[in-house]
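[1] With the input below, show me the fold.
(one chain, ligands or ions: 1)
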Amino acid sequence: MNRTESQQLIDRAQRTLVGGVNSPVRAFKGVGGHPVFFRSGQGAWLEDVDGNRYIDYVSSWGPMILGHSDPRVVAAVRSQAQQALGFGAPTELEIELAELIVERVPGIDKARLVNSGTEATMTAIRLARGFTGRDLIVKFEGCYHGHSDALLAKAGSGLLTLGIPNSPGVPEAVAARTLTLPFNDAAAVREAYAAYPQQIAGLIVEPVAGNMGCIAPQPGFLETLREVTETDGSLLIFDEVITGFRVALGGAQARYGITPDLTTLGKIIGGGLPVGALGGRTDIMDRLAPLGDIYQAGTLSGNPLAAAAGIATLRALDEGFFADLERRTALLASELQALASKHGRSMAINHVCGMLSLFFDAPQPVTAFEHVANANSDAFARFFHAMLDRGVYLAPSAFETAFLGAQHTQDVLDATLTAADGALRQL
Ligand code: KE4
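    Numbers count the residues shown, from 1 in each chain. This is a model prediction of the structure:
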């Protein structure tokens, strides 16, 4: 494929934007080559600045569950834009979006709208610490919760040693208040809470991991998190920025029947515009200013354009939507698996409704970060480019997830499989 214009644009971009991008994963460091610059999107299809067309499985990293430029969402944004772009004052739209979230997400009685997933998780950590009066936080290896300091920590030398920074600029004292445990390891969670009784403010988890590829919770894992946090008086925080309104109408907490104390949301609830949200039990949420003494604020929080896009998106989602999405996700997974076998390639495929990841030459089953770390990321990079050249745009990293939505209809899946057949033959 000719991508000359993209190449010229990345050269130009690098003169004024760090790495030519505004978010690192877009730079293609995980797969090599240069990023593709896009010009338009419609349904499942993107068009780049060179006029090439691609079936899109990035979906702006999850928000486009109805497809690009869904007419209902575009109309809602256009109509609102003609009224006003924002006030910095309350609007009815914010109430409507909050009501749609509260009605559908079991663990959310009250919400606070923010502008990104990072803001949502950063606030959840502050709220958990303020509400419990404790300092320690538990997270899991391979889970990503945005780039606030407390969550840019990794495991120290030993399993139960306090964290160390995983980025310069994060103070050691901050990282040392974060324990990082292996995902899907219920015993490690019990050990951590036994080692630090009544000292852990909260445990934050992606209930279905999406940032080390897609990894579902093993039976009993989420139940253990709920039981252990409940017993200890620690808060259970589900980071559903990816899984919210993706793996079920009520998110992972509805799918797996586990109700957390706090939930963070993003992506789909903004329909492609910047929206994040934090929600949970009223007694916890009411500790936030202006009712409570735990501070949180945002100039554009709940802005009417983003709220309009989020409302139009959530209104289009119902139980039947997810039943059909689950079916199509499973179909794509099984057909891809059959193609890998046909071509003699070892390829593990993990999938949950609307999420799918491929792991080449990985220890199977892929249930933890160490399995993903031992997969063949070079093979993934070659597959990524072979698919890109056949008009299929996967996430440019072996540690991300392909996102499916309404737009991935049978004809789109068939075209994807045709491309995958050729790409696997070429590997
Ligand atoms: P943002 O601050 O990027 O809106 O959200 C942070 C975040 C929080 N929690 C989860 C589970 C997330 O997946 C994210 C962000 N997701 C990544 C992709 N996996 C965003 C893409 C990017 O960083 O450019």
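
[2] near the ligand, which residues of this protein show up?
    Proximity of the chain to the ligand is confined to 23, 25, 61, 116-118, 121, 144-146, 206, 210-211, 239, 241-242, 266, 276, 400 under the rule C-beta under 6 Å from any ligand atom. (C-beta placed from N, C-alpha, C; glycine too.)

[3] Need the per-residue pLDDT for the residue of the stretch 201-350 of the chain found nearest the ligand.
    In the stretch 201-350 of the chain, the residue that lies nearest the ligand is Val241 (3.5 Å; C-beta to the nearest ligand atom). Here the pLDDT value assigned to Val241 is 98.

[4] cool, Pro396 as well?
    96.

[5] Run through the helices of this protein in chain order.
    Applying DSSP state H to the chain gives helices spanning 4-13, 71-83, 92-104, 117-132, 172-175, 186-195, 221-232, 252-256, 282-285, 304-315, 319-342, 369-373, 377-388, 410-426.

[6] looking at the protein, which helix or strand does the model trust least?
    Within the chain, no helix or strand scores below strand 164-165, which has a mean of 86 by mean pLDDT, DSSP states H and E.

[7] ok so, going back, switch the helices of the chain over to JSON lines; also include distance to Tyr295.
    JSON lines is the format used below for the helices of the chain (distance: least, C-beta to C-beta, whole Å):
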{"stretch": "helix 4-13", "distance to Tyr295": "36"}
{"stretch": "helix 71-83", "distance to Tyr295": "29"}
{"stretch": "helix 92-104", "distance to Tyr295": "19"}
{"stretch": "helix 117-132", "distance to Tyr295": "8"}
{"stretch": "helix 172-175", "distance to Tyr295": "18"}
{"stretch": "helix 186-195", "distance to Tyr295": "28"}
{"stretch": "helix 221-232", "distance to Tyr295": "24"}
{"stretch": "helix 252-256", "distance to Tyr295": "27"}
{"stretch": "helix 282-285", "distance to Tyr295": "14"}
{"stretch": "helix 304-315", "distance to Tyr295": "22"}
{"stretch": "helix 319-342", "distance to Tyr295": "36"}
{"stretch": "helix 369-373", "distance to Tyr295": "34"}
{"stretch": "helix 377-388", "distance to Tyr295": "41"}
{"stretch": "helix 410-426", "distance to Tyr295": "46"}
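
[8] For His34, which of those helices is the nearest?
    Nearest to His34 among the helices of the chain is helix 4-13 (4.8 Å), distances taken as C-beta to C-beta.

[9] residues in contact with that closest one?
    Gly20, Val21, His34, Pro35, Val36, Phe37, Asp48, Val49, Asp50 (C-beta atoms under 8 Å, 6 or more residues apart in numbering).

[10] wait, doesn't the fourth one sit right on Phe28?
    The reference is to Pro35. Yes: Pro35 lies in contact with Phe28 (C-beta atoms under 8 Å); the separation is 5.0 Å.

[11] Please enumerate the shared neighbours of these two.
    By C-beta under 8 Å, 6+ apart, the residues touching both Pro35 and Phe28 are Pro396.

[12] Of all residues in the stretch 301-427 of the chain, which one is closest to the ligand?
    Closest to the ligand within the stretch 301-427 of the chain is Glu400: 5.5 Å, counting by C-beta to the nearest ligand atom.

[13] what's the neighbour count on the closest residue in space to Gly20 that isn't next to it in sequence?
    Of all residues not flanking Gly20 in the chain, Ala13 sits nearest, at 3.5 Å (C-beta to C-beta, 6 or more residues apart in numbering). Ala13 has 17 neighbours, counted by other C-beta atoms under 10 Å.

[14] just to revisit the earlier point, which ones are touching the residue of the stretch 301-427 of the chain closest to the ligand?
    Neighbour list for Glu400: Val25, Gly30, Trp61, Gly210, Asn211, Gly213, Ser357 [criterion: C-beta under 8 Å, 6+ apart].

[15] Quick one: those as CSV, columns for distance to Gly405 and neighbour count too.
    Formatted as CSV, those follow (distance: C-beta to C-beta, whole Å; neighbours: other C-beta atoms under 10 Å):
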residue, distance to Gly405, neighbour count
Val25, 20, 17
Gly30, 23, 17
Trp61, 12, 19
Gly210, 14, 28
Asn211, 19, 21
Gly213, 19, 29
Ser357, 16, 27
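
[16] Please narrow those residues to those residing in strands.
    Judged by DSSP state E, the contacts of Glu400 include Ser357 as members of strands.

[17] Can you give me the neighbour number for Ala386?
    Using other C-beta under 10 Å, Ala386 has 18 other residues around it.

[18] Mind pulling up the pLDDT for it?
    Here the pLDDT value assigned to Ala386 is 98.
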